[in-house]
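[1] Pasting a predicted model and its sequence here:
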Amino acid sequence: MEKRVLFILEFNRIIERLCALTVSEAGLKKAQALSPQNDASIAGMLLAQTLEAERFFVENGQSPVDTFSDVRPALKHIHAALLLSIRDLIAISRCFRVSRLCREQLNQANSGELLKHMAGQLSSRRSLEEEIDRCLIDEDVVSDAASPELFSIRKQIRAANERIREKLNAMVKSPAYVKYLQEPIITIRNGRYVVPVKQEFRLNVPGLIHDQSGSGATLFIEPMPVVELGNDLRRLNSLEEEEIERVLTALTALVEPYADELYDSIGILAELDLIFAKAKLGRQMGAVCPKLEEEAEIKIIAGRHPLIAAEAVVPVDVWLGGGFSTLIITGPNTGGKTVTLKTIGLFSLMAQAGLFVPAAEGTALRAVKHIFADIGDEQSIEQNLSTFSAHMHTLVNILEKADKNSLVLLDELGAGTDPAEGAALAMSILDTLHDRGCLTAATTHYSEIKAFALSHEGMENASMEFDVDRLCPTFRLFIGIPGKSNAFEIASRLGLSKEIIEKARSYLTKEEVQFEDVLGRAKAEQRLAEQEKLSAQALRKEYEQMTSYLEKEKNKFENEKASLRQKAREEARVIVREARDEMERAVSELRACKEISMREAERAIQKARDTVREEEAKLLDTPPKKAYAGGELSHVLPGERVHILSLGQNATVLAEADFRGDVQVQTGIIKLTVKLKELRRASEEEGSAKKRVSFKSTPHAAVGLSLDLRGRLLDEALLELDRYLDDAALVGLSQVQLIHGKGTGALRRGIHEHLRHDKRVKQFRLGNYGEGDAGVTVVTLRE
């Protein structure tokens with residue numbers, strides 16, 4: 001893309017905003033060098049990377065790339081056998097850390113394959129990071145722990161310093177000595193401990209002079225008693241420097257094998273920094289990822305120019321390249337024509353650079369190889385060119401290069417010269433670009449060009465709306481109708497006399513008057529259609545909201561109903577358990593009574609247990625299973641009896657299924673709507689809604705040693721289990737097996753929970769090998 005076009009469309013200002021969102025110097029340089037790609041596949045990949053980064057933001061809330069320094073120049077020095085500085089090594093350690101953490105975060109996230117591929121190329125050398133961090137504290141300090149030798153030397157240095165200070169402190173506090181000093185203090189000059197001695201007493205303080213004050217009144221003398229100690233300290237400092245150099249040499253040697261690896265990782269981190277800066281910019285602008293293809297039409301939905309303040313920008317809908325490839329935009333000055341052109345061009349540049357565009361979902365752009373623009377006053381005083389000449393110079397350049405892979409944006413085409421000749425030139429240029437297959441958007445004031453577009457296939461008019469009542473543009477674009485000048489209406493509202501306006505009308509040709517009248521009527525009809533469209537959209541939105549509300553209420557009702565039913569069953573189970581406990585106590589007393597024969601006792605016990613079972617069935621509302629023949633119903637008729645699977649109830653059909661498969665039915669006094677797939681044909685032997693369940697006493701001999709509960713719902717299984725345990729206890733069985741299968745384990749867990757609270761059960765366990773393993777529970781009953 002030409003730099004001039006990037007500047008005209010203000011792509012550089014987008015880059016400035018992007019640069020501010022990078023976190024590294026290397027990423028900043030990448031952002032500064034960003035330019036649109038004319039290869040559709042590369043541009044598409046850049047957009048895909050930004051989309052993956054946006055998904056990462058949604059999941060994690062922040063970028064995986066932290067701040068780091070570009071240490072690539074320092075890494076080059078390693079191969080030249082140069083020693084790395086403390087600052088370079090600390091920066092290298094941070095780069096390794098940022099690389100490792102970024103790699104880990106991207107691999108753990110569901111961001112996408114492109115970013116994961118980049119993450120796979122990042123260096124991860126944690127042990128090297130930790131070794132550098134162990135040895136180096138900050139940019140100027142090597143840790144005592146860097147080596148045993150350094151630790152020992154520094155310990156000696158501290159001791160030497162302490163000895164020198166002790167001697168000097170004793171001297172400066174001595175009454176015999178203090179009179180020779182300017183101040184009773186200890187200071188350092190040229191790395192040696194000194195005291196400030198008055199010039200006139202220099203002979204009274206034997207020692208080495210290291211410095212003097214500006215006035216010469218004070219000499220900084222190292223007293224002789226500490227000179228030898230100072231020499232020892234200087235020797236230790238030299239040893240410290242040598243040891244630090246050895247530590248840095250060792251760390252440099254550790255880094256060297258991974259220098260090329262880290263060099264490449266920094267390049268990838270810079271790319272990732274740029275990618276996530278793009279995603280941040282998209283979030284700031286409320287932008288979307290546009291569809292970008294070589295043969296796609298331009299379709300901008302609610303596009304907002306990114307450089308206009310959010311509170312001032314008016315969204316615009318533009319399409320180009322479907323049924324027409326040339327769009328002629330007309331309308332008043334300052335009405336938004338130029339902004340619309342720039343929006344088309346800037347969106348194309350942004351998308352081909354991998355940037356999201358501030359528009360609505362569904363926005364699509366064509367990937368083009370060239371974008372040409374002639375926008376604004378290009379007059380050059382230095383070149384002695386008029387406005388028209390400057391435009392022609394640009395147009396000649398465009399016509400030399402434009403082809404079917406080009407997007408051409410022309411502002412005020414044909415302006416700056418005689419209107420008739422300018423319009424003729426404009427029509428010829430538009431015709432040429434159209435024949436070449438270019439996508440062209442142009443603005444104009446000429447009526448001839450409007451008429452030209454109306455009569456040429458593949459060209460379309462558009463207009464920027466103007467509110468005549470308020471005398472201001474609305475900045476809305478209408479495609480399909482050329483703009484009306486509104487000059488007479490505006491002049492009239494501004495106070496120009498009616499006579500002058502009528503006289504002006506008389507100078508127009510009959511065809512021009514008719515053309516303007518047709519445009520006026522078309523505009524009015526378009527506004528009416530727009531209002532009706534908005535009204536229809538509002539009604540549709542209201543309908544969707546109401547449908548959503550009703551669906552939520554229905555789900556809420558179903559959930560509450562299920563919750564209440566479950567709660568009732570739990571309460572019923574508690575009541576039944578209490579009744580059974582009471583009955584068992586009575587049974588124990590009966591058996592203990594010697595006056596009653598065993599046969600009579602067992603008869604009384606069986607009768608009591610049957611009564612409890614019957615009451616339990618009523619409380620738990622567990623109807624016997626029925627087989628509903630025929631499977632799903634394809635249709636139902638009013639008056640037909642059906643069974644509702646989800647409710648376990650029979651009902652009468654009130655109306656046939658509608659187009660959504662919803663059927664109105666009535667069960668008892670309740671009318672409700674259910675899905676056709678939830679219905680089955682009701683059993684022919686349909687009894688009362690409150691049918692009683694009868695039970696028969698089970699002969700002792702018929703009680704088996706096992707009970708198969710597989711395939712049952714938990715409530716049904718527990719009811720059958722209670723009956724079985726009653727019978728087993730009655731016939732004196734000491735151990736039984738419950739077959740529940742393995743499956744998900746839900747039935748087994750429910751049965752075990754029930755057994756823990758059953759007073760008839762002494763203990764229970766899962767089956768052993770040969771007994772059924774985890775699919776069987778062995779229960780030992782109390783005597």
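    Cool, the structure landed.

[2] going forward, measure contacts and count neighbours with C-alpha atoms only.
    OK.

[3] helix or strand right after the lowest-mean-pLDDT helix or strand in the chain?
    Across the helices and strands of the chain, mean pLDDT, DSSP states H and E gives its lowest value to helix 598-620, namely a mean of 59. Per DSSP states H and E, the first helix or strand lying C-terminal to helix 598-620 is strand 641-644.

[4] List the buried residues of that following strand.
    641-644 (16 or more other CA atoms under 10 Å).

[5] Dump the residues you listed to TSV, plus pLDDT and distance to Ile42.
    Shown next, in TSV, are these (pLDDT from 0 to 100; distance: CA to CA, whole Å):
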residue	pLDDT	distance to Ile42
Arg641	88	64
Val642	88	61
His643	86	60
Ile644	83	57
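
[6] Closest to Ser99 out of these?
    For these, the residue nearest Ser99 by CA to CA is Ile644; the value is 60.4 Å.

[7] quick one: contacts for the closest one?
    650-651, 678-680 (CA atoms under 8 Å, 6 or more residues apart in numbering).

[8] In terms of secondary structure, what does the helix or strand where Ile164 lies contact?
    Assigned by DSSP H and E, Ile164 belongs to helix 148-173. Where contact means 3 or more CA pairs under 8 Å, 6 or more residues apart in numbering; DSSP states H and E, helix 148-173 is packed against helix 175-178, helix 227-255.

[9] and the next element down the chain from the last one?
    By that I understand helix 227-255. Next along from helix 227-255, by DSSP H and E: helix 259-285.

[10] Within its sheet, name the partner strands of the next helix or strand after that next one and how each one runs.
    Using DSSP H and E, the helix or strand that follows helix 259-285 in sequence is strand 291-293. Take DSSP bridges as the rule and strand 291-293 pairs in its sheet with strand 364-366 (parallel).

[11] what's the average pLDDT for the strand it pairs with?
    Mean per-residue pLDDT for strand 364-366: 94.

[12] For Gln649, give its distance to Leu707.
    According to CA to CA, to the nearest Å, Gln649 stands 28 Å off from Leu707.

[13] just Thr249 next, same as before
    79 Å.

[14] what does Arg202 give?
    Remark: distance between Arg202 and Leu707 (CA to CA) = 114 Å.

[15] quick one: secondary structure of Leu122?
    Of the three states, Leu122 takes coil under DSSP: H, G, I helix; E, B strand; the rest coil.

[16] So what does it have for phi and psi?
    phi -80, psi 140 (degrees, to the nearest 10).

[17] How many neighbouring residues does it have?
    Residues near Leu122, counting by other CA atoms under 10 Å, number 25.

[18] burial count for the nearest residue to it once chain neighbours are set aside?
    Sequence neighbours aside, Ser265 is the residue nearest to Leu122 in space, at 4.9 Å (criterion: CA to CA, 6 or more residues apart in numbering). Number of residues near Ser265 (other CA under 10 Å) recorded here: 24.

[19] what's the answer for Ser111, then?
    Neighbours of Ser111 (other CA under 10 Å): 22.

[20] go on, Glu139?
    13.

[21] now swap in the one 3 residues further on and tell me
    When neighbours are defined as other CA under 10 Å, Val142 has 20 of them.

[22] Likewise for Ser563?
    Ser563: 12 neighbours (other CA under 10 Å).

[23] Please apply the same query to Ala309.
    Neighbours around Ala309, by other CA under 10 Å: 10.

[24] tell me the pLDDT at it?
    89.

[25] Before we go further, His445 is sitting in a strand, right?
    No - under the criterion used here (three-state DSSP), His445 is coil, not part of a strand.

[26] residue ranges for the strands of the stretch 651-783 of the chain, please.
    Taking DSSP state E, counting those that start in this stretch as the criterion, the stretch 651-783 of the chain carries its strands at 662-667, 670-675, 679-681, 706-708, 735-739, 761-766, 776-781.

[27] Lowest average confidence across the ones you listed, which one?
    Across the strands of the stretch 651-783 of the chain, the stretch with the lowest average pLDDT is strand 670-675; it has a mean of 79.

[28] about what we covered before: so for Gln649 and Leu707, which sits in the more crowded spot?
    Leu707 (18 against 14).

[29] who touches the more buried one in this structure?
    721, 724, 736-739.

[30] Same list, those residues, but as TSV with distance to Leu550 please.
    Compiled in TSV, the contacts of Leu707 are given as follows (distance: CA to CA, whole Å):
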residue	distance to Leu550
Leu721	41
Tyr724	46
Val736	51
Gln737	49
Leu738	45
Ile739	44
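
[31] any idea which of those residues is closest to Ala562?
    Scanning the contacts of Leu707 for proximity to Ala562, where the rule is CA to CA, the winner is Leu721, at 23.5 Å.

[32] got the contact list for the closest one?
    Per CA under 8 Å, 6+ apart, neighbours of Leu721: Leu707.

[33] Point out where the stretch 401-550 of the chain drops to low pLDDT.
    Applying pLDDT under 70 to the stretch 401-550 of the chain flags the ranges 468-473, 483-486, 508-530.

[34] how close does the residue lying closest to Leu106 once chain neighbours are set aside get to Thr744?
    Spatial nearest neighbour of Leu106, excluding adjacent residues (CA to CA, 6+ apart): Lys116 at 5.9 Å. Computed as CA to CA, the Lys116 to Thr744 distance reads 36 Å.

[35] and what of Gln649?
    In terms of CA to CA, Gln649 sits 28 Å off from Thr744.

[36] do the same with Val205
    96 Å.

[37] who has more neighbours, the two?
    Each of Val205 and Thr744 has its neighbours counted (other CA under 10 Å); Val205 has more, 17 against 8.

[38] Leaving aside the residues adjacent along the chain, what's closest to the more buried one?
    Per CA to CA, 6+ apart, closest to Val205 is Pro223, 6.6 Å.

[39] tell me the pLDDT at that neighbour?
    93.

[40] Could you do the one 10 residues further on as well?
    If you check Leu233, the pLDDT there is 93.

[41] And it, how far from Gln121?
    Distance from Leu233 to Gln121, counting by CA to CA: 49 Å.

[42] These two: which is more packed in?
    Higher neighbour count among Leu233 and Gln121: Leu233, with 21 against 16, using other CA under 10 Å.

[43] Make sure that one is actually in contact with Asn161.
    Yes - look at Leu233 against Asn161 with CA atoms under 8 Å: they come within range, at 7.2 Å.

[44] which intervals of the stretch 551-700 of the chain have sub-threshold pLDDT?
    In the stretch 551-700 of the chain the weaker segments, taking pLDDT under 70 as the threshold, are 576, 579-580, 582-630, 668-670, 684-700.

[45] Now with 80, please.
    561-562, 564-631, 646-649, 667-672, 683-700 (pLDDT under 80).

[46] does Arg13 belong to a helix or a strand, and which?
    helix 11-19.

[47] List the buried residues for that helix?
    Neighbour count says helix 11-19 has 11-12, 14-15, 18-19 buried, by 16+ other CA under 10 Å.

[48] okay if I get these as CSV plus distance to Met350?
    CSV is the format used below for the buried residues of helix 11-19 (distance: CA to CA, whole Å):
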residue, distance to Met350
Phe11, 8
Asn12, 11
Ile14, 8
Ile15, 10
Leu18, 11
Cys19, 14
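
[49] nearest to Arg760, of those?
    Nearest to Arg760, judged by CA to CA, of those is Leu18 at 75.5 Å.

[50] give the contact list for Gly138.
    Just to correct that, residue 138 is Asp rather than Gly. 86-87, 90.

[51] Just the buried ones among those residues, please.
    Buried among the contacts of Asp138 (16+ other CA under 10 Å): 86, 90.

[52] can you redo the contacts of Asp138 as a markdown table with secondary structure?
    A markdown table is the format used below for these (three-state DSSP):
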| residue | secondary structure |
| --- | --- |
| Ile86 | helix |
| Arg87 | helix |
| Ile90 | helix |
